[in-house]
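Trainee: Okay, sequence plus prediction incoming.
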Amino acid sequence: MNLPHYLARALCVLFTLPIVAGLSSCEKPAAATSSGPPEVRVTEVIQKDVPDVQEWVGTLNGFENAEVRARVTGYLESRNYQEGGYVRKGDLLFQIDPRPFVAALDGAKGKLEQAKAAMLGKELDAKRAADLYERHVISEQEYTDKTQDYRTDLAAVTAAQAAVEEAQLDLDYTKITSPLDGIAGRAQANIGDLVGTASNSVLTTVSQLDPIRCYFPISEEHYWDYAAEFQKMMAVPEQERPDRVELILPNGSVYAHKGKFAFVDRNVDPQTGTIQIAVDFPNPDLTLRPGQFVTARAQVKTIPNALLVPQEAVSQLQGGDQLAIVNPDGKAEIRAVKTGTLYGRLIVVTDGVKAGEKAVVVGFQKVRQGMQVSAKPYSGPATNQGEQSVSKTDSSPGQS
């Protein structure tokens, strides 16, 4: 059969293409893809004594805080201090209108004089009756009556004298003075107010600010971690305790003066499950004020023979910490570990590793349990061995 020229040419091309494709594929054989063990960077788990430095967020309060109250009821006549200013013990803060109290004192003194005059006459009668009774001029009953009259008036004089002293005390209370050295706060009453009532008895508060006290709470569980150390500190007389607590201010700077532990509170708060710790700090410039939030930092103890790895080596999974360890045979082992205090760029591992083992710092995500890996030394940022260890254990502000 004779095919048209163009159709014969098309069939020739169609049958030729697969042959050419097959020959071209034979000319370039596929390159064998071979991948070796994944490369990771490792460092040895080191062992050394580590200072255990804790940080707690707390609240400042006065070393002593005194609510200044009106002890008598009256109208406020003057305020005699600068709000927010420094006052000394005994300085006049407020004056209550003294005139009603002066009048009451004068009345009490008048009654005292009346009582003394009445007693004087009865005293003479009693002495005369005693003389007559000794001479058997009057009866025993008459002598007894005269003596009792005298003693009754003597008691009246004593009562009148007490009334004078009470009136004098009330008059003195119209001058309201500072009970201690410190900063006097904002006045809670205005001139002309009736003060000394149940709803208006506190006029201001004076706080002793040098030293100033920092309160911070720690959890009951955390308290047991350091109970022995706190017990040792409290056994030392307060004036002999070392200044070992740093104060970190809200702007991140460290306060110039160190403080000393003052006391551990007597009870655990049943609502929060925390116990209050108090630290006293010198405050000669009175720059620290009650109510400020600060961070207290102190070395509580030393962790002996602590095991340390770079922080980057620890991976978190579902709330737990993990490390990848490269065994001597070059295989990776994924371990659950427990971590503790930070020490510069390192972290203390409290359970799960041994000193000298090689922990994966870079490449954790590449390895699986039992996988063969290519371990190379870690050459990351050098750790500062002089840095302190820090553990932020409690962050809720303390209550005074």
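Mentor: In hand now; what should we look at?
Trainee: Mind checking what helix or strand follows the top helix by length along the chain in sequence?
Mentor: Ranked by residue count, the top helix of the chain under DSSP state H comes out as helix 99-134. Note on helix 99-134: by DSSP states H and E, the next helix or strand toward the C-terminus is helix 140-173.
Trainee: For that following helix, name the packing helices and strands.
Mentor: Judged by 3 or more Cβ pairs under 8 Å, 6 or more residues apart in numbering; DSSP states H and E, helix 140-173 is in contact with helix 99-134. For the C-beta atoms, the positions are set from N, CA and C on the backbone; glycine is no exception.
Trainee: Show me what the helix it packs on is packed against.
Mentor: In terms of contacts (3+ Cβ pairs under 8 Å, 6+ apart), helix 99-134 is packed against helix 140-173.
Trainee: Hey, what's the angle from the helix it packs on to helix 99-134? Just curious.
Mentor: Per axes from the mean of the first three to the mean of the last three Cα atoms, to 10 degrees, the angle that helix 140-173 makes with helix 99-134 is 160 degrees.
Trainee: What mean pLDDT does whatever helix or strand comes next after helix 140-173 get?
Mentor: Using DSSP H and E, the helix or strand that follows helix 140-173 in sequence is strand 175-177. Averaged across strand 175-177, the pLDDT comes to 96.
Trainee: Pull the residues that contact strand 175-177.
Mentor: For strand 175-177, the external contacting residues (Cβ atoms under 8 Å, 6 or more residues apart in numbering) are 68, 70-71, 89-96, 98, 203.
Trainee: Quick check: next helix or strand after it?
Mentor: The helix or strand immediately downstream of strand 175-177 is strand 182-184, counting by DSSP H and E.
Trainee: partner strands of that next one, parallel or antiparallel?
Mentor: Paired strands of strand 182-184, with direction, are strand 86-87 (antiparallel), strand 202-219 (antiparallel) (DSSP bridges).
Trainee: export the contacts of strand 175-177 to TSV and tack on pLDDT, neighbour count and secondary structure?
Mentor: What follows is the contacts of strand 175-177, written out as TSV (pLDDT from 0 to 100; neighbours: other Cβ atoms under 10 Å; DSSP: H, G, I helix; E, B strand; the rest coil):
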residue	pLDDT	neighbour count	secondary structure
Val68	95	23	strand
Ala70	94	22	coil
Arg71	92	15	coil
Lys89	95	13	coil
Gly90	95	10	coil
Asp91	97	15	coil
Leu92	97	14	strand
Leu93	97	20	strand
Phe94	97	22	strand
Gln95	97	16	strand
Ile96	96	26	strand
Pro98	96	18	coil
Leu203	95	23	strand
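Trainee: tell me the two of those that are most distant?
Mentor: Across those, no pair lies farther apart than Lys89 and Pro98, at 21.8 Å, counting by Cβ to Cβ.
Trainee: before we move on, back to that, flag every buried residue along the longest helix of the chain.
Mentor: 100-101, 104-105, 108-109, 111-112, 115-116, 118-119, 122-123, 125-126, 129, 133 (16 or more other Cβ atoms under 10 Å).
Trainee: Could you check how far that helix is from the centre of its chain?
Mentor: 62 Å (Cα atoms, centre = their mean, to the nearest Å).
Trainee: what about it, average pLDDT?
Mentor: Here helix 99-134 scores 86 as its mean pLDDT.
Trainee: Chain neighbours aside, what residue packs nearest to Gln82?
Mentor: Computed as Cβ to Cβ, 6 or more residues apart in numbering, the closest residue to Gln82 that is not its neighbour in sequence is Ala184, at 7.7 Å.
Trainee: number of nearby residues for that neighbour?
Mentor: 22 (other Cβ atoms under 10 Å).
Trainee: With Val348 instead?
Mentor: Neighbour number of Val348 under other Cβ under 10 Å is 19.
Trainee: That one contacts Pro304, correct?
Mentor: No. With contact defined as Cβ atoms under 8 Å, Val348 does not count as touching Pro304 (11.4 Å).
Trainee: Can you list the low-confidence ranges for this structure?
Mentor: Low-confidence regions of the chain, defined by pLDDT under 70, span residues 1-34, 381-400.
Trainee: one more time with 50
Mentor: For the chain, the stretches flagged by pLDDT under 50 are 1-8, 10-34, 383-387, 392, 395-400.
Trainee: Show me the domain layout of it.
Mentor: Here the domain assignment for the chain is 40-50+306-394, 56-62+210-302, 71-96+175-200, 99-173, based on automatic domain parsing.
Trainee: Quick one: end-to-end distance for the last one.
Mentor: Domain 99-173 has its terminal residues 12 Å apart, counting by Cα to Cα, to the nearest Å.
Trainee: doesn't Ala262 make contact with Phe230?
Mentor: No. The pair Phe230 / Ala262 is not scored as a contact, 11.5 Å apart, by Cβ under 8 Å.
Trainee: Which one of those two is surrounded by more residues?
Mentor: It is Ala262, of Phe230 and Ala262, that has more neighbours when counted by other Cβ under 10 Å, with 20 against 17.
Trainee: ok but that one is inside a strand, no?
Mentor: Yes. Assessed by DSSP: H, G, I helix; E, B strand; the rest coil, Ala262 belongs to a strand.
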